[in-house]
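Q: please find the sequence and the predicted model below.
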Amino acid sequence: MASFRRSLFSRNSSYNVDVRMKTFKSYVDNPDEDENDFCVGKVEVTKEEIKKRASSFFQNDLNPHLLPGEKTVTEADSVLCFVPFTEKKQGISGKLFITNFKLTFLTGDRSSYDQQNRRQRNKLIDDGDIPLTNIESIYQVVSGGKRKKLLPNTTVSTLTKYLEIHCKDFRTHVFGFKFTPKDQIKKITNAVIHYAFPSKSWLLYAYEYAKNLQPTGNGTVSNTPLYNNADDWERELNRCGCTKWNVCDVNRGYCVSQSMPERFVLPMNLMSYDELMKAASQFNENRLPAWCYTHTNGASLVRMAEMYAESELADYIGKKWMNYPYSSLSSEMYIRTYCNRLKTAIQLADVNKGYPVEMDLTKLCPSLKDVQASYERLKELIFIDSGKDFAVQDISWFSSLEGTKWLTCVSQCLKVACDAAKHLENHTVIIKEPDSRHYCCLISSLVQILLDRHFRTRLGFQSLIQREWVAMGYPFQREGCLVQDSSKSNTEYIPLFLLFLDCVWQLTQQYPSGFAFSETYLVTLWDSVHMGIFETFLFDCCHQRSRYHIDARWQQRLFLPSTWDWNVQFSDDDQSFFNNPLYVMKTNPDVNEALNKAKYLQSSLRSKIPTQELYSYELQNLEGSNLCIDGTKSLKGYRLTPLTGAACMKLWTQCYLRWQTPAQIIGGGNPSQYLQQCVMVEEILCLLHKIEALKKNSAKSANSLARTRSDLVFSMALDTPRTTELLANTYLSSSFPFSSVQRLSREEKSVFTPISLFLEHSTIDYDYSNDDD
């Protein structure tokens, strides 16, 4: 493990503090830096240009960039922001701001005004910004080294020496207040406690943000259905070929259950409207059984909440049957009779008429308390910012990781999903838990990913999350601790959605070419959950979302963006990292044919055909292959059968260890493989284009050919400023594209690899219109 977790920074660095300076000064000593000239990528920046930018920058006060509706609450001067894993011996001085949206740190060193030497990946937040909804815990360190966790609804009266911010994206920020005025220290400490842990949902910044936005569409965002209307449900039913199920609006106006959507899917022959209204009261939170998915064999996956042990229904049925010999049956017997009636309706919706298989997820999956405890132990392993602690931890890393039991939870969930998918190939499956809002979301999503390749695409995956998690009422706000409920003593974070994403990541590792999206997409999705301005992951249910959208005081309808509108956060260049090059190779017809033909030639004909004839043979027989990369005839009905044993589980390092600098592999890791795969796909597409041009009889027809775009990072037009900036100023490590190296010295940057070097010896031609050569 020591070879994997490598130390990057020297621990012998010290501060060069000049108290006489009134402007903010960098406390990182960079003696190698030559101020006469500075090279950015391949662009030479003169000393005069740097001075001009600096002069313009310091003419104005340091102020954060504010989003619509964002307001500055308080600020603190001369705050030290420490570089992680440097024992608080490296850092920069600057100004710390608290707004109603984020905690942001601004510095007056050259990185702030030298825009050519820095790159902002996210359009909404900069590298020094921390959304308040992303803060999980706050620790105060006072003089003497005593460390205390600051709880919600508390006030700090003692002076703070250091403030540690632990974030839900597993990043740690440490600020020092050695040179900060005492009155500002108390204000900034109490402000971050107050605004990071609001007690009411309307105190979230999203409310102010929504007042300044306009509606983005009518039910779809980037082609992702939101399942807020009957049409989205009908389209999914038609896609699955369902004929025994229909969209029900019994919950219109949320009159039955406030935690369910207004429309969902029920069996056609379940019960009448009046009976459904009566039956709903017998289920936990009035949540009726609901359809999730129908397999190609006609069997369906159904989620169901538990029925109350004692209910009015027992008395109702008892009175109805009082004149029959069964009147002596107990209330529990009547409940079981009614459950059988529900199962019969679900059974009739199965074209095979098989008896449903019932799976109790509370017995099969780890308890929520176990997941919670496992997550807390995982955080203890990850949330460190000391090089000494890192070295000590590294000795017992594997045993400590095993002790968290996190990968055991991942393994259990995958096993349950695989069992459910196997049952679904022969029978209808009913998954149940007390409220059908937790593990039902996770297991139903995994089952559909295993059985249906549509949900392994970005659009399908997003629609799956929107339907099974968002629409069906997973409590993101409550379980994500976005709002602190003072009436409840237990406000611990429950990372069930992270557990789901980890399970999906495990599947991508076992089936590298089976998913259209990359692990960067999954990590970015996890980060977006805690942005606090997207309606997708901000609420507990559709009913809460609908109430939040209406501002009664101002008589206006409020709108928040959806997470699935990725253009709000990222440019096209950055979104290209969401795509999986191996999936492109597997599904792109041109690339697929070329690779299969090459595989066929290599295995069958290389020993028979002379080398000089191979090229002409390939030109003549490039078309006609229907084989997939894995050797199957097609992907229709392609079911994933992953290994679920503990030995097959891996730690999701890009998500959990991306901010641990000593654990970064400089110039290597999975991102290095990913970028090389992107180059390979582009070279194949380029060569295929050349082959097609050579096959044409006239140059005129060849010039009219258009080359296929892969939508990968190296398929972008390289003459645009943003793409040039991306390739020249983005440095490669195993944490790419998340970990920043903007504040490294020139000597430290020399060991990093800019991703533009991957194109140094490539044969990619970026002329997409024609090929005259």
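A: Sure thing, it's come through.
Q: helices and strands of this protein: which one bottoms out on pLDDT?
A: Lowest by mean pLDDT, DSSP states H and E among the helices and strands of the chain is strand 37-40, with a mean of 39.
Q: isn't Leu378 right next to Trp406, touching?
A: Yes. Leu378 lies in contact with Trp406 (CB atoms under 8 Å); the separation is 4.7 Å. All C-beta spots, glycine's among them, are computed from the backbone N, C-alpha and C.
Q: settle it for me: which of these two has more neighbours?
A: Trp406 (26 against 23; other CB atoms under 10 Å).
Q: tell me the spacing between Asp394 and Gly667.
A: 21 Å (CB to CB, to the nearest Å).
Q: just His549 next, same as before
A: For His549, the distance to Gly667 - CB to CB - is 47 Å.
Q: and if you look at Tyr375?
A: 32 Å.
Q: helices of the stretch 351-500 of the chain, start to end?
A: 361-364, 368-382, 387-395, 397-404, 406-424, 439-451, 458-465, 476-479, 496-510 (DSSP state H, counting those that start in this stretch).
Q: report the buried residues of the longest one.
A: Taking 16 or more other CB atoms under 10 Å as the basis for neighbour counts, the residues of helix 406-424 that come out buried are 406-407, 409-424.
Q: go on, the first one?
A: Of the residues in helix 361-364, those with enough neighbours to count as buried (16+ other CB under 10 Å) are 361, 364.
Q: could you export that helix as PDB, CA atoms only?
A: The C-alpha trace of helix 361-364 is given here as PDB (Å, rounded to 0.1, in the frame of the first residue of the first chain):
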ATOM      1  CA  LEU A 361     -35.100  -6.400   2.600                       C
ATOM      2  CA  THR A 362     -34.900  -5.700   6.400                       C
ATOM      3  CA  LYS A 363     -33.600  -9.200   6.800                       C
ATOM      4  CA  LEU A 364     -31.500  -9.400   3.700                       C
END
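Q: phi, psi of the nearest residue to Tyr273 once chain neighbours are set aside?
A: Counting by CB to CB, 6 or more residues apart in numbering, the nearest residue to Tyr273 once its immediate chain neighbours are dropped is Val250, at 6.2 Å. Main-chain torsions, Val250, degrees, to the nearest 10: phi -60, psi -20.
Q: then the one 10 residues further on?
A: Note on Met260: backbone dihedrals following degrees, to the nearest 10 are phi -110, psi 160.
Q: contacts only, for it.
A: Contacts here follow CB atoms under 8 Å, 6 or more residues apart in numbering; on that basis Met260 touches 251, 254, 286-288, 290, 472-473, 541-542.
Q: cool, and Gly69?
A: Taking CB under 8 Å, 6+ apart as the test, what Gly69 contacts is 100, 205, 208-212.
Q: for this structure, longest strand please?
A: strand 72-82 (DSSP state E).
Q: centre of the chain to that strand, how far?
A: 30 Å (CA atoms, centre = their mean, to the nearest Å).
Q: now for it, which elements pack on it?
A: Judged by 3 or more CB pairs under 8 Å, 6 or more residues apart in numbering; DSSP states H and E, strand 72-82 is in contact with strand 91-99, strand 102-107, strand 172-176, helix 182-196.
Q: follow-up on the earlier one: which residues are common contacts for Leu378 and Trp406?
A: With CB under 8 Å, 6+ apart, Leu378 and Trp406 have no common neighbours.
Q: low-confidence bits of the stretch 651-773 of the chain, can you list those?
A: Low-confidence regions of the stretch 651-773 of the chain, defined by pLDDT under 70, span residues 697-707, 716-725, 728-729, 740-752, 765-773.
Q: about what we covered before: Tyr375 and Gly667: who's more crowded?
A: Tyr375 (21 against 17).
Q: dump the residue contacts of the more buried one.
A: Tyr375 touches 406, 493-495, 498, counting by CB under 8 Å, 6+ apart.
Q: and the pLDDT for it?
A: pLDDT, Tyr375: 96.
Q: try the one 5 residues further on
A: Here, the pLDDT recorded for Glu380 equals 93.
Q: what segments of the stretch 101-250 of the chain are helices?
A: Going by DSSP H, counting those that start in this stretch, the stretch 101-250 of the chain shows helices at 110-113, 182-196, 205-210, 230-240.
Q: for these, which one sits closest to Phe383?
A: helix 182-196 (16.3 Å; CB to CB).
Q: quick one: buried residues of the closest one?
A: Neighbour-count burial for helix 182-196 [16+ other CB under 10 Å]: 184-196.
Q: stretch 295-308 too?
A: Counting neighbours by 16+ other CB under 10 Å, stretch 295-308 gives 295, 298-307 as buried.
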